[in-house]
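Q: Build me a model from this:
(4 chains)
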There are 2 protein chains.
Amino acid sequence: MAQSAPTHDPTPDAELDELVGAFDAFVKAAKRSRARAEPGGAALTSSQVDLLHPLLDCEPGGLGLRELARLVGIAAPTATRMVDGLECRGFVTRARDPEDGRAVRIALTAEGTEVLLERRAQMLARRRAMFDLLTPSERRAAAKVLARLATAFERS
Amino acid sequence: MAQSAPTHDPTPDAELDELVGAFDAFVKAAKRSRARAEPGGAALTSSQVDLLHPLLDCEPGGLGLRELARLVGIAAPTATRMVDGLECRGFVTRARDPEDGRAVRIALTAEGTEVLLERRAQMLARRRAMFDLLTPSERRAAAKVLARLATAFERS
DNA sequence: TATTGTTATACTCTATAACTATA
DNA sequence: TATAGTTATAGAGTATAACAATA
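A: Below is the predicted model:
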């Protein structure tokens, strides 16, 4: 295999294999790390964090359910169910839209905002702890590589 | 905050923020890419692929259910249910262990092996397509960075 | 008629607790 | 009694289809 094309791409297969292997190891390590950090005691699951996130940066009135579902990328009935639970626990409010009797406005409560921000801060702290293990030059290289891989993902 | 420790780490906060941002973008791109590649038409979900994987490289007799569950990192009843479905579809066999009446041996069928290898090849092809978008030097840098991040994950 | 949200239903993945059969 | 596996049960997350209320 790899009949040594000598011009400008010396070892494509071996390099690809190495990269694929490194990628796999990385994904597995990331999964384990996440599992370690979310042992079940967390107030919010990551799906719930995803659902609440758009509510942080929206108008004070909140968002319609369909709009929220669309932003998060889930089906409307799924959002209904999740909002049910989060409303019960006092993290969001669900109010009839005064201008459109069909619609509903979903908004974060103070407690919901607090819990969400706390959770976000925890995640950030974990990432920082990890990135602090890198040297400055490794950090620069990592930022560059990750950005490059993100665009490659989008195009592939 | 950050009272400008001037000695050897010039812009730690800005750099960390950049890295965290790049990491987020990467994770999101990876999620979207995976969603694109697994639109529901796939024969196996990724959990099922994870479950079947250890059966590829085991003794011909197959694995016990508990052993399989342990390798994959799920609870035994979860494995039982998943094996139920995969057995129905002809991807694995479940045979009483002749030497231990309590135990069961789970093994891939020819069809299961084929489907699993095909799925694995698809995933590999997708990754290769992505990695082919990188230049050789970017590939080398990426392999190095991903390996480094994996060890950082394990230690953080 | 079109849109918003909800209910009904179903499937996958996950877990714990209780059970059966065998060692 | 200890171990292997299963059943019972529960809950989160996901979807589609059918529905009610409103525009």
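Q: any idea how far A:Ala30 is from A:Glu18?
A: 19 Å (Cβ to Cβ, to the nearest Å). In this view, the C-beta of every residue, glycine as well, is placed from N, C-alpha and C.
Q: for A:Gln122, same thing?
A: Applying Cβ to Cβ, the value for A:Gln122 to A:Ala30 is 16 Å.
Q: Between these two, which is the more surrounded one?
A: Higher neighbour count among A:Gln122 and A:Ala30: A:Ala30, with 17 against 13, using other Cβ atoms under 10 Å in any protein chain shown.
Q: My read is that that one contacts B:Ser156, right?
A: No - applying Cβ atoms under 8 Å, one finds A:Ala30 not in contact with B:Ser156, separated by 10.8 Å.
Q: I would like the residues contacting stretch A:123-133, please.
A: Identification of contacts with stretch A:123-133 by Cβ atoms under 8 Å, 6 or more residues apart in numbering or on different chains yields A:33, A:37, A:139, A:142, B:16, B:19-20, B:23, B:149, B:152-153, B:155-156.
Q: Can you name the two of those that sit furthest apart?
A: Spatially, the most separated pair among those is A:Ala37 and A:Arg139, at 20.8 Å (Cβ to Cβ).
Q: more neighbours, these two?
A: A:Arg139 (20 against 13).
Q: And the more buried one, how far from A:Leu55?
A: Taken as Cβ to Cβ, the span from A:Arg139 to A:Leu55 is 32 Å.
Q: Please report how far the most centrally placed residue in chain A lies from A:Met82.
A: Centroid check for chain A by Cα atoms, centre = their mean gives A:Asp50 as the closest residue, at 6.6 Å. Distance check for A:Asp50 against A:Met82: by Cβ to Cβ, it reads 10 Å.
Q: again, but for A:Arg119
A: To A:Met82, A:Arg119 is 15 Å away according to Cβ to Cβ.
Q: Also A:Arg127?
A: A:Arg127 is 25 Å from A:Met82, where distance means Cβ to Cβ.
Q: Good, wrapping up.
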